[in-house]
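**Student:** Task: produce atomic coordinates for the following.
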Amino acid sequence: MVDNSWWIGLITGGTAVVASWVTGRSLTRSARVEAEVTATAAEVAQARTRRRDAYRELSATVHGLSEVFWRMEEADAAPEGARREAILGEMRNASRAALNEVTRASREVALEGPADAAEAARQLRRRALTAQRELVGLATGEGDREAYDRAYRVFREEHSRFLDLARAALEVG
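**Tutor:** Here you go, the predicted model:
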């Protein structure tokens, strides 16, 4: 009878080589999948951070513009004449600069998205522009205080709407 130990050794060795090759491929594949998942998670986290920063910046610039608009109480308390006109003129100039910042920040949100938050940012900018135009009208003596109050109220409502959409866009889960 022929000694089968040589054949058994050959089959065992071959099986070990094949098992090692299969294990190596599996480990390589799992490492690749893990790397892809980690990279995707990092990209999602970075996108979320960029969005949060853009939303925060827009909200801060809107707040800055609101501070200019809030000076209307100071203008109302001032006596008619030069002092009131000076306050309205200061407000007009400050609102122009603040509106530029709102425009810049709203464009950042438009770039970061998502679409509903970007649209809300555009609407917020439009409402800010309308309120600023009404303020300019008051400063030049051609405006209507009720129209300004209405435009300002809509602007504030649009800011609240944007904040709700931004919060929803950042929610995880």
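
**Student:** Can you identify each of the helices in the chain by residue range?
**Tutor:** Ranges of helices in the chain, per DSSP state H, are 5-70, 72-77, 82-112, 115-140, 145-170.

**Student:** Give me the mean pLDDT for the third one.
**Tutor:** If you average the pLDDT over helix 82-112, you get 94.

**Student:** try the first one
**Tutor:** Averaged across helix 5-70, pLDDT comes to 85.

**Student:** Dump the helices of the chain to TSV, plus mean neighbour count.
**Tutor:** From N, CA and C alone the C-beta is placed, and that goes for glycine too. Shown next, in TSV, are these (neighbours: other Cβ atoms under 10 Å):
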stretch	mean neighbour count
helix 5-70	13
helix 72-77	14
helix 82-112	17
helix 115-140	20
helix 145-170	16
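
**Student:** Only alpha carbons, please: show stretch 100-120 as CSV.
**Tutor:** The C-alpha coordinates for stretch 100-120 follow below in CSV (Å, rounded to 0.1, in the frame of the first residue of the first chain):
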residue,chain,number,x,y,z
ASN,A,100,-24.7,93.7,2.7
GLU,A,101,-23.7,91.2,5.4
VAL,A,102,-27.1,89.6,5.3
THR,A,103,-26.7,89.2,1.6
ARG,A,104,-23.3,87.6,1.9
ALA,A,105,-24.4,85.2,4.6
SER,A,106,-27.5,84.2,2.7
ARG,A,107,-25.4,83.3,-0.3
GLU,A,108,-23.3,81.1,2.0
VAL,A,109,-26.5,79.3,3.1
ALA,A,110,-27.6,79.0,-0.5
LEU,A,111,-24.3,77.2,-1.2
GLU,A,112,-24.5,74.9,1.8
GLY,A,113,-28.2,74.0,1.4
PRO,A,114,-30.3,72.0,1.6
ALA,A,115,-32.8,73.5,-0.9
ASP,A,116,-35.5,74.4,1.7
ALA,A,117,-33.0,76.2,4.0
ALA,A,118,-31.4,77.9,0.9
GLU,A,119,-34.8,79.2,-0.2
ALA,A,120,-35.7,80.3,3.3
